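Enquirer: any chance you could fold what I've pasted below:
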Amino acid sequence: MIPALEALARLREGNGRFVSNLSRGELPASPAQRARMATDQEPFAIILGCSDSRVPVEIVFDQGFGDLFVIRVAGNVVAPSQVGSVEFAADRFGTRLVVVLGHSQCGAIVATLDELQGPRTEHSRNLRSIVNRVRPAVASLLETELRHDRQALVREAVRANVRASADHLRHGSEVLEQLIQRDGLLVVGAEYSLETGVVDFFDGAPPE
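Expert: Numbers count the residues shown, from 1 in each chain. You can find the predicted model right below:
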């Protein structure tokens, strides 16, 4: 079992390689690796990230086959299925780091802000479920001066949504709460910059 802080250091180092164009290129798996992992896995971090095609998690963190347990959903929102997936990996594999990974210019965040600021948009029931989960995290921002600066509003809304998802995992699951209290599970929030490739661990993570 890899402790949470060691796992966090691995992610930071991997992202540093990615940003510097020094990635190790370990993602493809050899037949021997596939055979070994067919019966077991030991991911050192759980990543709850957005489905956006521009944020391929293993590549962004320069990690290989079997290193990360990745859960992806538009807007990196937390619903029961996501909570259950995190619980499963943390309990079954002993993974001690959970990262909620948002990203700049997130479409789910923009769609939610558009709905809050303008005429009601007609979404399907399923798409609306995502917007409804983002809304509580970002609605209060529209009561601040940020409502006059669209770019800053989106930037802060992305982070507010990440914080809300991370808090949900920390306090919305008895299983995860016990793992945090007794077994060193760490839940942190981070943002990936589409522009620079840098991942900023800004919520719940100790400084480097």
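
Enquirer: next secondary structure after the lengthiest helix in the chain?
Expert: Under DSSP state H, the helix in the chain containing the largest number of residues is helix 150-171. Scanning forward in sequence from helix 150-171, with DSSP states H and E defining helices and strands, the next element found is helix 174-183.

Enquirer: okay, buried residues for the lowest-mean-pLDDT helix or strand in the chain please.
Expert: Lowest mean confidence among the helices and strands of the chain (mean pLDDT, DSSP states H and E): helix 31-37, at a mean of 70. Going by neighbour count (16 or more other Cβ atoms under 10 Å), nothing in helix 31-37 comes out as buried. Where you see a C-beta, it was placed from the backbone N, CA and C, and this is true even at glycine.

Enquirer: CA atoms of that helix as CSV?
Expert: Extracted in CSV, the C-alpha atoms of helix 31-37 (Å, rounded to 0.1, in the frame of the first residue of the first chain):
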residue,chain,number,x,y,z
PRO,A,31,1.6,-9.1,-22.8
ALA,A,32,3.3,-10.0,-19.5
GLN,A,33,1.9,-6.9,-17.8
ARG,A,34,-1.6,-7.6,-19.1
ALA,A,35,-1.4,-11.2,-17.9
ARG,A,36,-0.2,-10.2,-14.4
MET,A,37,-3.0,-7.6,-14.0
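
Enquirer: give me the next element, helix or strand, following it.
Expert: Heading C-terminal from helix 31-37 (DSSP H and E), you reach strand 45-49.

Enquirer: got the buried residues for that next one?
Expert: 45-49.

Enquirer: rewinding a little: run through who's touching the longest helix of the chain.
Expert: Helix 150-171 has contacts (Cβ atoms under 8 Å, 6 or more residues apart in numbering) with 48, 75-78, 83, 86, 98, 100-106, 109-110, 112-113, 134, 136-138, 141-142, 146-147, 176-177, 180, 187-191, 202-204.

Enquirer: kindly report the same for stretch 182-200.
Expert: Here stretch 182-200 has contacts from 3-5, 8, 11-12, 15, 18-19, 54-55, 60-61, 90, 96-105, 158-159, 162-163, 165-166, 169-170, 176, 179-180, 201-205, using Cβ under 8 Å, 6+ apart.

Enquirer: these, buried ones only, as a ChimeraX selection?
Expert: The command below creates a ChimeraX selection of those among the contacts of stretch 182-200 that count as buried (16+ other Cβ under 10 Å):
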select :4,8,11,15,18,19,55,60,61,90,96,97,98,99,100,101,102,103,104,158,159,162,163,165,166,169,170,176,179,180,201,203,204,205
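
Enquirer: just the contacts of stretch 182-200: which are in helices?
Expert: 4-5, 8, 11-12, 15, 18-19, 60, 90, 158-159, 162-163, 165-166, 169-170, 176, 179-180.

Enquirer: so where's the chain uncertain?
Expert: Within the chain, the ranges that satisfy pLDDT under 70 run 26-30, 35, 37, 119-121.

Enquirer: adding distance to residue 123, write the buried residues of strand 45-49 out as TSV.
Expert: Shown next, in TSV, are those (distance: Cβ to Cβ, whole Å):
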residue	distance to residue 123
45	32
46	29
47	26
48	22
49	22
